[in-house]
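Chemist: Coordinates only, no sequence provided:
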């Protein structure tokens, strides 16, 4: 799930302002703050934010990826 706090933390870690990031990503400040109230922005906006912050879209999400084992060529 999208976590707005992760985005704010990355902005702070990069020494940027939210306004600077919004401008560079082509997102209005109002739209940026709406991300906090909704489940999250669309993929296109996430990708733009990730490009500006030099990170992966996954860095905005709250999820733990558990390694899984896939048996290739094994009949079930």
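Modeler: Everything's here; your move. Just so you know, these numbers come straight off a predicted model, no measurement behind them.

Chemist: Flag the shaky bits of this protein, pLDDT-wise.
Modeler: Applying pLDDT under 70 to the predicted model, the residue ranges of the chain that meet it are 63-76.

Chemist: now the helices for the chain?
Modeler: Counting by DSSP state H, the chain has these helices, from start to end: 4-13, 18-25, 29-37, 43-53.

Chemist: And for the nearest residue to residue 41 once chain neighbours are set aside, the neighbour number?
Modeler: With sequence-adjacent residues excluded and distances taken as C-beta to C-beta, 6 or more residues apart in numbering, residue 41 is closest to residue 35, at 5.1 Å. C-betas here are computed from N, CA, C, even on glycine. If you count neighbours by other C-beta atoms under 10 Å, residue 35 ends up with 20.

Chemist: right, and residue 35 touches residue 7 too?
Modeler: Yes. Checked against C-beta atoms under 8 Å, the pair residue 35 and residue 7 is within contact range at 7.2 Å.

Chemist: Tell me which residues touch the most centrally placed residue in the chain, please.
Modeler: Using C-alpha atoms, centre = their mean, the residue of the chain that lies closest to the mean C-alpha position is residue 60, 3.0 Å off. Taking C-beta atoms under 8 Å, 6 or more residues apart in numbering as the criterion, residue 60 is in contact with 2-3, 6-7, 10, 40, 46, 49-50.

Chemist: any idea which of those residues is closest to residue 22?
Modeler: Nearest to residue 22, judged by C-beta to C-beta, of these is residue 49 at 9.0 Å.

Chemist: Can you report how many residues lie near the closest one?
Modeler: Other residues near residue 49 come to 24 when the count uses other C-beta under 10 Å.
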